[in-house]
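>>> need coordinates for the following:
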Amino acid sequence: MTSHERWNALLAILARDGKVEVEPVAAELGVSAATIRRDLDHLSRQQMLTRTRGGAVVNAISYDLPLQYKAARNAPEKHRIAAAAAALVPPGSIVGLNGGTTTTEVARTLASRADPGPPSGEPGLTVVTNALNIANELVVRGHVKLVVTGGVALPASYELIGPLADGVLQGITLDYAILGVDALDPERGAFAHHEGEAGINRLMAAQARHVIVVTDSTKLGTRAFARICSCDAIDTLVTDRGAAPDLVKAFTQAGMDVIEA
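This next block holds a predicted model:
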C-alpha cells in the first residue's frame with residue numbers, strides 16, 4: 001500500500017468513525033504503528049485531522065474534508081432521502097442542485113430515472129448546478145440538459161462560488177431548488193459552514209418556485225457559521241427516520257412539509 005493509498009484509507013476511516021486509533025488501524029491496514037503515526041502527523045500538518053494521544057479525531061473544521069470522505073457518513077439514510085426527494089420532481093422540471101453528498105445522490109437518482117422528454121424534443125430534465133462532481137456525472141446523460149454556473153472552485157466540496165456563479169443564477173428560474181445544508185434550525189433556518197456556499201445556496205433558493213432541503217437527522221436542530229435562508233423560505237424538508245419527534249414538530253410548525261424517508 002502506497003502512502004497515498006494509506007492517507008485515503010485513513011481519511012475514509014476517520015469519516016466513517018469520527019476517530020482513528022494507531023494500533024487498531026495499523027492492524028487493519030497491515031502496516032506498522034510507526035508508519036501510521038507518520039501518516040497521521042502528515043495529515044495533521046495538512047489540517048485534515050487533529051492528532052490525539054494514540055490516534056486522531058475529526059478536525060474542528062471537518063467540513064473541509066474532501067467530499068469523497070464525507071460520502072461514507074450515513075450512506076443508507078442519504079440513499080433513502082435522495083429517493084424521496086427525487087420522487088417530488090416531475091418529468092420536464094428545471095432543478096437546481098448545490099454541492100454535497102446528499103444532493104449528489106439526488107442527482108444520481110434523478111438521472112437514473114431516464115424521464116422521457118416532452119413531444120417537442122425538450123430534455124426530460126434540466127439540472128442547474130454549481131457542483132463540479134454533479135456536472136461530471138450528468139454531462140454524459142443524454143436526456144438531461146445540464147447548466148453549470150461559473151465561479152471559483154472550492155476543493156473540499158467541488159462547488160463553484162462567487163460573482164460568476166451569481167450572474168448565471170440571477171438570469172434563470174427554477175421549478176425546484178434541492179439544497180443540502182450543514183445545519184438546520186427550526187428558529188433560524190438553514191446554514192452552511194462557508195459563507196460563499198451560503199450565498200450561492202441563498203440565491204438558488206430565491207430563484208426557485210419550490211425549495212426542498214435534504215439532510216440527514218444529525219444536522220437537525222443545529223446551526224453553522226453562515227445562514228442560507230429562514231425556515232419560511234423552505235417548502236419541504238426531506239430527512240431520515242432518526243429525526244427527533246420534537247424537531248419534526250418544530251419544523252412542521254415553521255411551515256415545512258416534513259418527509260421522513
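>>> which intervals of the stretch 1-150 of the chain have sub-threshold pLDDT?
Flagging of the stretch 1-150 of the chain using pLDDT under 70 yields the residue ranges 59-74, 114-122.
>>> let me see the contact set for Arg227.
Arg227 sits next to Arg188, Gly189, Ala190, Phe191, Ala198 when contact means C-beta atoms under 8 Å, 6 or more residues apart in numbering. In this view, the C-beta of every residue, glycine as well, is placed from N, C-alpha and C.
>>> now do the helices in the chain.
Along the chain, the segments classed as helices by DSSP state H run 3-17, 22-29, 33-45, 67-70, 75-86, 101-112, 132-138, 163-170, 195-206, 245-253.
>>> and stretch 175-184, end to end?
22 Å (C-alpha to C-alpha, to the nearest Å).
>>> what are the ranges of the strands in the stretch 101-250 of the chain?
Ranges of strands within the stretch 101-250 of the chain are 125-129, 144-148, 152-153, 160-161, 174-180, 183-185, 189-192, 208-214, 226-229, 236-239, based on DSSP state E, counting those that start in this stretch.
>>> re the thing from before, need the helices of the chain in CSV with distance to Ser157 and mean neighbour count, can you?
As requested, the helices of the chain are exported to CSV (distance: least, C-beta to C-beta, whole Å; neighbours: other C-beta atoms under 10 Å):
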stretch, distance to Ser157, mean neighbour count
helix 3-17, 14, 16
helix 22-29, 26, 16
helix 33-45, 19, 16
helix 67-70, 6, 18
helix 75-86, 15, 19
helix 101-112, 10, 22
helix 132-138, 9, 19
helix 163-170, 13, 15
helix 195-206, 7, 21
helix 245-253, 25, 14
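>>> which one of the ones you listed lies nearest to Ala177?
When the helices of the chain are compared by C-beta to C-beta, helix 195-206 sits nearest Ala177, at 4.7 Å.
>>> helices or strands up against that closest one?
Counting contacts by 3 or more C-beta pairs under 8 Å, 6 or more residues apart in numbering; DSSP states H and E, helix 195-206 packs against strand 160-161, helix 163-170, strand 174-180, strand 189-192, strand 226-229.
>>> Asn98 contacts Thr129, doesn't it?
Yes. At 7.2 Å, Asn98 counts as touching Thr129 under the criterion of C-beta atoms under 8 Å.
>>> name the residues contacting each of these two.
Contact with both Asn98 and Thr129 is made by no residue, according to C-beta under 8 Å, 6+ apart.
>>> so which of the helices and strands packed on helix 195-206 comes closest to Ala135?
strand 160-161 (9.2 Å).
>>> identify the residues contacting that closest one?
The contact list for strand 160-161 (C-beta under 8 Å, 6+ apart) reads 130-132, 148-154, 194, 196-197, 199-200.
>>> and the two most separated of those?
For the contacts of strand 160-161, the farthest-apart pair by C-beta to C-beta is Val148 and His194; their separation is 19.0 Å.
>>> hang on, the earlier thing: let's have the strands of the stretch 101-250 of the chain in TSV, adding distance to His42.
Formatted as TSV, the strands of the stretch 101-250 of the chain follow (distance: least, C-beta to C-beta, whole Å):
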stretch	distance to His42
strand 125-129	33
strand 144-148	34
strand 152-153	24
strand 160-161	29
strand 174-180	30
strand 183-185	30
strand 189-192	29
strand 208-214	34
strand 226-229	30
strand 236-239	36
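>>> and those: which comes nearest Asp41?
Of all the strands of the stretch 101-250 of the chain, it is strand 152-153 that lies closest to Asp41, at 28.3 Å by C-beta to C-beta.
>>> what comes into contact with that closest one?
Residues outside strand 152-153 that contact it (C-beta under 8 Å, 6+ apart) are Leu132, Glu159, Leu160, Ile161, Gly162, Leu164, Gly196.
>>> ok, 10 Å please
Strand 152-153 is contacted from outside by Asn130, Ala131, Leu132, Glu159, Leu160, Ile161, Gly162, Pro163, Leu164, Ala165, Gly196, using C-beta atoms under 10 Å, 6 or more residues apart in numbering.
>>> so what are the sheet partners of that strand and their directions?
strand 160-161 (antiparallel) (DSSP bridges).
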